[in-house]
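Colleague: kindly return the folded structure for what I paste below:
(one chain, ligands or ions: 1)
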Amino acid sequence: MKYKFCPLCGRKLEERYSWDEGGVPYCSKDDMMFFDTPKPCIMVAVVKGDEILLLKQSYIYKNSKVLLTGYVDNNETAEEAVEREVREESGIEVNNITYLGSDYVKDKEILMITFMADYVSGEIKKSDEVEGMGWSKLSNALNEMKEDEIGLRVVKKIIEIKK
Ligand SMILES: [Zn+2]
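Modeller: Numbers count the residues shown, from 1 in each chain. The predicted model follows:
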């Protein structure tokens, strides 16, 4: 997002030259540069034996299940966001959080950082924000999540790793 006004004090931003970035919107009152950066978001495939945790969120994809996602909060690492989002949305504890790569979601200005994690404990107790949630066979997951492009790539990587 290209800032025109300072999100802290509201004054019009000037342009300040940053040697590696070129002109960057800058507020002289707050002495802060506002870089055009994406929002970091995590996506995680929770794996339990030969099963994987899938969500149904019709507002994202009508006919497809998705992997669990969430925004990274300020003051936390991507791995901490994975643990927190899984706990908040599903009531499950995970470990062995493994980075699988990142994707850029153009129309949403999101940097999607993808992970797999192992189920440790807990019964599924979905949050009110989630429409549906359950364990699916890893071997059938690709059929159930046809519209979730990034999720499909994540599951394909996991199937490769588990071979
Ligand atoms: Zn300002």
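
Colleague: spatially central, which residue of this structure would that be?
Modeller: Residue closest to the mean C-alpha point of the chain, counted by Cα atoms, centre = their mean, is I42 at 2.3 Å.

Colleague: give the contact list for it.
Modeller: Residues near I42 by Cβ atoms under 8 Å, 6 or more residues apart in numbering: 69-72, 78, 81-82, 85, 112-115. In this view, the C-beta of every residue, glycine as well, is placed from N, C-alpha and C.

Colleague: now E15
Modeller: Residues near E15 by Cβ under 8 Å, 6+ apart: 23-26.

Colleague: can you tell me the element it falls in?
Modeller: Using DSSP states H and E, E15 maps to strand 14-18.

Colleague: pairing partners for that strand, with directions?
Modeller: Using DSSP bridges, the strands paired with strand 14-18 are strand 22-27 (antiparallel).

Colleague: residues in contact with the helix or strand just after the partner strand?
Modeller: Next along the chain after strand 22-27, taking DSSP H and E as the criterion, comes strand 32-33. With contacts defined as Cβ under 8 Å, 6+ apart, strand 32-33 is touched by 6, 8, 16, 18, 24-26.

Colleague: what parts of the protein come near the ion?
Modeller: Taking Cβ under 5 Å from the ion as the criterion, the chain approaches the ion at residues 6, 8-9, 27, 29-30.
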